[in-house]
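[1] Fold the following for me, if possible:
(chains A and B)
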Amino acid sequence: MAEQDDQAQSLETHRKYLQRYALFHLRDASLAEDAVQDTFIAALAQFQRFQGRSQMRTWLTGILKHKIIDLTRNRGRGLPADAFALGEDEDRGDGSFNARGKWVDPPADWGMPDAALESSQFWRVYQECCQRMSKRDALVFSMREVMGLSSEEICKKIEISTTNLHVILFRARLSLRNCMTKNWFGVHHE
Amino acid sequence: MYSCEQASKLSSRAMEQPLTLSEHLLHRMHLMLCKRCTNFARQIEFLRRASSNVPEVFEKDEG
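    Numbering: from 1, shown residues only, chains lettered A, B, ... in the order given. Next up is the predicted model:
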């Protein structure tokens, strides 16, 4: 009995982790729940293929990544079907540069930023900054940088060109950098 | 000479695919002369490093 309780508890810990992971990418609690449920269903169906090959958490997260991408590709759920197509005027820029391509607000030195990784406040700001991007930009960015998918995989999975991918990633990085400067690196911390 | 906008786009693209030799040289030359774009390039690389830590942050949230 004790062993069963342990298992139930560790399953619940995994579920909470997966829910947070899915919510970060999907920004919608009920969509995130769907992704996690789909993950557990798929995991049960292929459980023989698991058996100690990797850690349970890593294995479940691997399945979840696919479910998140599936959900965003589904017409009418989460994102519109053409959400990943770039409009013609989308490469206009966000005001970071003037007409001659010079920085409007030149990036100043962040010093030694790695210490911030230990701060939970830093991560709150990071997550808020990710939320300020459009849903599409945030998802493409997090597929690349958080899920760690390759450029090629992302282009294939969401059917965009390499050029579009580069435009989206540049815009996302610019936006995150600006937001982190305004709300973290440009302000004083204790 | 590239503009800062072009140079920073190249910094971002270089994180996705190798630049052509001429792009690479012009990009390096721009960064050598431009502290602002050097800061930008370092910062987006830091943000990549930070982002790869996000899953660990979700683990720490567990109470």
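
[2] which other helices and strands contact the helix or strand where A:Met143 lies?
    In this structure, A:Met143 sits in helix A:135-145 according to DSSP states H and E. Packed against helix A:135-145, as judged by 3 or more C-beta pairs under 8 Å, 6 or more residues apart in numbering or on different chains; DSSP states H and E, are the following elements: helix A:2-26, helix A:120-132, helix A:151-158, helix A:162-180, helix B:35-51. Backbone N, C-alpha and C define where each C-beta goes, glycine included.

[3] tell me the angle the fourth one makes with helix A:120-132.
    Angle, helix A:162-180 to helix A:120-132, by axes from the mean of the first three to the mean of the last three C-alpha atoms, to 10 degrees: 130 degrees.

[4] quick one: helix A:162-180 near chain B?
    Yes. Interface with chain B: helix A:162-180 contributes A:162, A:165-166, A:169-170, A:173-174, A:176-177, A:180 (C-beta under 8 Å from any C-beta of the partner chain).

[5] which among those end up buried?
    A:165-166, A:169-170, A:173-174, A:176-177, A:180 (16 or more other C-beta atoms under 10 Å in any protein chain shown).

[6] Serialize those residues to a markdown table and add fields for pLDDT.
    Below are these laid out as a markdown table (pLDDT from 0 to 100):
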| residue | pLDDT |
| --- | --- |
| A:Leu165 | 96 |
| A:His166 | 97 |
| A:Leu169 | 97 |
| A:Phe170 | 97 |
| A:Arg173 | 98 |
| A:Leu174 | 97 |
| A:Leu176 | 98 |
| A:Arg177 | 97 |
| A:Met180 | 97 |
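
[7] Next, the buried residues of stretch A:21-39.
    By 16+ other C-beta under 10 Å, the buried positions in stretch A:21-39 come out as A:21-26, A:28, A:31-36, A:38-39.

[8] Which ones, among these, also lie beside chain B?
    Filtering the buried residues of stretch A:21-39 for proximity to chain B by C-beta under 8 Å from any C-beta leaves A:21, A:24.
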